[in-house]
Structures are given as structure tokens and as C-alpha cells.
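**Q** Just a sequence and a predicted model for now, questions to come.
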Amino acid sequence: MAYPKTKRSRLKRLPERGRYDREAVHAVLDAGTICHVGISVEGQPFVIPTLYARIGEQVVLHGAKASRLLKVVQEGGPVCITVTVLDGLVLARSVFHHSMNYRSALVFGRGRLVEEKAAKLAALKAVSDQLLPGRWEDARQPTEKELKATSVVVVEIEEASVKVRTGPPGDDEPDYDLPVWAGVLPLNWGWGAPQADPRLRAGISLPGYLPEGRR
């Protein structure tokens, strides 16, 4: 099942790289770590990076109650959210045709405040799991005071599209004979060795859910 194609979600540049099915959009959202949220305040656009999670057809955002971003989103105005996963650099024979291999999701929707305690905790757990599954169960749960100081909003996905680039560079035909190396430099990122807090109590071992590396 696909999201509706409209003027704001339809790809105009290289439309053959676009997808609108829910599976493709969800896959990119689930693979990312940070999203960028676009809002407008009194005619001034702002694009703000923040942590997020996906729950079904919703994108979860959270932060301090004083957050301007969350105040704007929970008012129900239009919101644009982007998530990009970089997979590699595409090195062409000409500077003009250099590019990147990537997966990028563009989401449009409207937000609302989550106030019911169980739903709020479930949303916060989803954000924690997006970063590091298993951490929520291991660490101390939020207190009532901390919950009251935190705003959680969800943005219903109304429309969305994904743009993907894969494969080698596309040079102009005469340039294929140039004595210049060309190809793809894959990006593979992972977590480094854990660095213990200097105030960590003695005898506490590394939790089993810490990854040696994560794509």
C-alpha cells in the first residue's frame, strides 16, 4: 500500500529514484538515528535535528516542555520530517558527476501532544529502542517529575516519499577513457569501544545489548 502522491510529496528531480510505498518509507525511518524537522514560525523557516522513533504510522518526537519545536508541532500545523541514511560516496571521473549513494525519506503530517501516561511511556521507550534496544529495560525509568517536564508529540504520516541512489557513477561517455579512478567508497559505520563513566561503580560489567558494531 502506498502513500498518496501529491504536489508536495511527488519527486520532481530524478523521479525514477522515488518510492511511495509504506514498506520503503518505514524501512528508512527505522534505519535512521536523527531526523530533521522543518517548521515555520511567523514566516521564518527552521529545520531542527532531533531524536525520533516510528510507531506504526506515527513519528515520535520528544524534548523539554519549553522546546519551541515541540510547541509548534503540537499545535497541529503542517510539519515536514526528513531522515537520510548515507551509504557511500560515488566518485566519478568528472567532478560534475560525483554523487552519494543514500536512502532518504520525506514525511509530511501534523502533530499532536501525547498526554496519557502509558502512551507517553511507550513513545519514550520507542525513542530509546531506536537508539539502543535493551537500554530502556536496563536503566532507571522516568520519575513523575521527569515525565511532567517532558513533552512527547506524535506526527501522523499523511504523505511520504523515499528517494534512493545506488550503484556506480554515471559519467559522460567520453570520460570513461580518462585515467582517473572511479567507483564507490562505501560507508560502514559502527560503534567504538565503550568508555566507562569515571564514576561507574566497581563490578558492573558491560551489558550484553551493547553492539560491537551496528549498520
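**A** Perfect, I can see it now.
**Q** Just say helix, strand or coil for Ser128.
**A** Classification of Ser128 into helix, strand or coil gives helix, according to DSSP: H, G, I helix; E, B strand; the rest coil.
**Q** Now the element after the helix or strand where Leu89 lies, going C-ward?
**A** Per DSSP states H and E, Leu89 falls inside strand 78-91. If you walk from strand 78-91 toward the C-terminus, the next helix or strand you reach (DSSP H and E) is strand 99-113.
**Q** helices or strands up against that next one?
**A** Contacts defined by 3 or more Cβ pairs under 8 Å, 6 or more residues apart in numbering; DSSP states H and E place strand 99-113 against helix 22-31, strand 58-64, helix 68-74, strand 78-91, strand 150-165. Using the backbone N, CA and C atoms, a C-beta is placed for each residue, glycine as well.
**Q** can you pull the contacts of Phe108?
**A** Arg8, Ser9, Pro78, Val79, Cys80, Ile81, Ile157, Glu158, Glu159, Ala160 (Cβ atoms under 8 Å, 6 or more residues apart in numbering).
**Q** Please report which of those has the highest neighbour count.
**A** Neighbours here are counted as other Cβ atoms under 10 Å. On that basis the top member of those is Ala160, with 26 neighbours.
**Q** who's that residue bridged to?
**A** For Ala160, the residues forming beta bridges with it (DSSP bridges) are Val107.
**Q** Contacts only, for it.
**A** Listed by Cβ under 8 Å, 6+ apart, the contact set of Ala160 reads Tyr3, Ser9, Tyr20, Arg22, Val25, Ala105, Leu106, Val107, Phe108.
**Q** could those go into JSON lines alongside distance to Asn188 and pLDDT?
**A** Conversion of the contacts of Ala160 to JSON lines gives the following (distance: Cβ to Cβ, whole Å; pLDDT from 0 to 100):
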{"residue": "Tyr3", "distance to Asn188": "30", "pLDDT": "90"}
{"residue": "Ser9", "distance to Asn188": "31", "pLDDT": "85"}
{"residue": "Tyr20", "distance to Asn188": "28", "pLDDT": "89"}
{"residue": "Arg22", "distance to Asn188": "27", "pLDDT": "96"}
{"residue": "Val25", "distance to Asn188": "24", "pLDDT": "97"}
{"residue": "Ala105", "distance to Asn188": "21", "pLDDT": "98"}
{"residue": "Leu106", "distance to Asn188": "25", "pLDDT": "97"}
{"residue": "Val107", "distance to Asn188": "26", "pLDDT": "98"}
{"residue": "Phe108", "distance to Asn188": "31", "pLDDT": "97"}
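**Q** All set now, cheers.
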